[in-house]
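Peer 1: fold the stuff below for me.
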Amino acid sequence: MAKIALVTGGSRGIGAACAVLLAQRGYDVAFSYLRRADKAEDVAGKIGALGRKALAVQADIADEADILRLFATVDDRWGPLELLVNNVGVTGGFSRLADVTSETVRRVVDTNLTGTILCCRESVRRMSTKHGGAGGVIINVSSGTAYTGSPNEYISYAATNGGINTLTVGLGREVIGEGVRVAAVAPGTTDTDIHADGGQPDRPAIKAAMHPMGRIATAEEVAEAVVWLASDAASYVNATILPVTGA
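Peer 2: Purely as a prediction, here's the structure:
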């Protein structure tokens with residue numbers, strides 16, 4: 001039988017690449033999306049074309065009620081979850097910290113950090129042998145900004161990724177004895193539409209010119225790291241953040 005994976009923010013960018021690659025590796029894949037139903041349908045179609053089942057669920061990961069509904073939907077439709085990929089993330093746009101609004105900070109923290117923590121909680125409640133589960137894996141998608149701080153761009157976003165890294169280490173150590181392994185990837189600048197969404201569509205080209213490799217990552221390259229961490233090949237990797245920065 002196919003394993004069951006849930007990817008948050010799976011309709012675009014790194015999340016979509018993870019969803020399709022997991023389907024290639026034999027998973028049935030549920031994923032959340034916020035607004036773009038057309039993008040979600042496209043990803044679901046790609047999963048179906050690979051002979052795997054897809055389940056697209058509209059949900060706002062900044063809203064606890066939506067998170068509970070997302071997990072309940074997977075439970076009701078498919079049964080026990082074996083892999084969670086926490087991918088959802090928003091930057092809040094580009095600005096200096098002195099110019100950021102409290103509304104933006106709340107949205108970034110509620111989506112990126114609080115939402116990730118609550119998704120982890122719901123997964124542990126299902127996966128942990130202490131809670132009657134059969135074990136599982138949680139992979140968090142952090143960011144290289146956790147190490148650079150991203151000055152003059154989006155410090156609030158960087159701060160949430162620092163929190164995700166701490167969450168990964170702490171939770172990994174807390175639940176490894178209960179059959180749940182937790183790890184994270186921290187990508188550098190990646191070729192997705194997050195830059196255009198934040199108001200800087202030319203940022204990928206600028207960052208590529210500055211990079212030692214002369215390019216930035218593709219979403220598929222980051223997905224390969226995520227799927228490797230989720231696999232049995234990484235069975236002894238826990239409470240660890242894997243940089244995927246190319247440098």
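
Peer 1: please make it C-alpha for all contacts and neighbour counts, starting now.
Peer 2: Noted.

Peer 1: report the buried residues of the helix-or-strand element of the chain with minimal mean pLDDT.
Peer 2: In the chain, no helix or strand scores lower on mean pLDDT, DSSP states H and E than helix 194-197, which sits at a mean of 72. Within helix 194-197, the residues that qualify as buried are 194, 195, counting by 16 or more other CA atoms under 10 Å.

Peer 1: ok, stretch 209-222 next?
Peer 2: Within stretch 209-222, the residues scored as buried using 16+ other CA under 10 Å are 215, 216, 217, 218, 219, 220, 222.

Peer 1: show the average pLDDT along that stretch.
Peer 2: Averaged over stretch 209-222, pLDDT sits at 90.

Peer 1: what comes into contact with that stretch?
Peer 2: Stretch 209-222 is contacted by residues 13-14, 17-18, 185, 187-192, 204-205, 207-208, 244-247 when judged by CA atoms under 8 Å, 6 or more residues apart in numbering.

Peer 1: now list the buried members of those.
Peer 2: For these, a burial check counting by 16+ other CA under 10 Å picks out 13-14, 17-18, 185, 187-192, 204, 208, 244-245.

Peer 1: just those: which has the poorest pLDDT?
Peer 2: Lowest pLDDT among the buried ones among the contacts of stretch 209-222: residue 204, with 77.

Peer 1: which of the three states applies to the residue lying farthest from the centre of the chain?
Peer 2: In the chain, the residue that sits farthest from the middle, by CA atoms, centre = their mean, is residue 98; the gap is 28.1 Å. Assigned state for residue 98: helix (three-state reduction, DSSP: H, G, I helix; E, B strand; the rest coil).
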